[in-house]
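Chemist: Model the structure of this input:
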Amino acid sequence: MADKGATAGGGAIYGLGIFGALVFFWQQADTFWEHVLAVLQGLFWPAFMVYEAFRALN
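Modeler: Just a heads-up that it's a prediction; the model follows:
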C-alpha cells in the first residue's frame, strides 16, 4: 500500500505555485478583464510549468 503522506508535500508546493502566480498576475492587471485573465493564468500557469519541466527531463 502506498504511503499517502509522501504526496502531501508535492501538493503544498503546487498550491504555493498557484498562489504565487495569482499574486504576480493580479499585480500586473489594470482592468476588470485583465483581472479575470489573471485568475485563469494563476490557476493554469503552474500546470504548464510542471509540464515543461517534465518535458525538459525527457
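
Chemist: Which helix runs longest in the protein?
Modeler: When the chain is parsed with DSSP state H, its longest helix is helix 32-57.

Chemist: Provide a list of residues in contact with the residue nearest to residue 24 when sequence neighbours are not counted.
Modeler: The shortest distance from residue 24 to any non-neighbouring residue, by CB to CB, 6 or more residues apart in numbering, is to residue 42 (7.6 Å). From N, CA and C alone the C-beta is placed, and that goes for glycine too. Contacts for residue 42 were tallied using CB atoms under 8 Å, 6 or more residues apart in numbering; they are 18-19, 21-26.

Chemist: For PyMOL, write the selection for the buried entries among these.
Modeler: Those of the contacts of residue 42 that count as buried under 16 or more other CB atoms under 10 Å are selected in PyMOL with:
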select buried, resi 21+22+25
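
Chemist: Okay, the residue nearest to residue 24 and residue 31: tell me how far apart.
Modeler: Remark: distance between residue 42 and residue 31 (CB to CB, to the nearest Å) = 16 Å.

Chemist: what packs against the lowest-mean-pLDDT helix or strand in the chain?
Modeler: Lowest by mean pLDDT, DSSP states H and E among the helices and strands of the chain is helix 8-28, with a mean of 86. If you count contacts as 3 or more CB pairs under 8 Å, 6 or more residues apart in numbering; DSSP states H and E, helix 8-28 packs onto helix 32-57.
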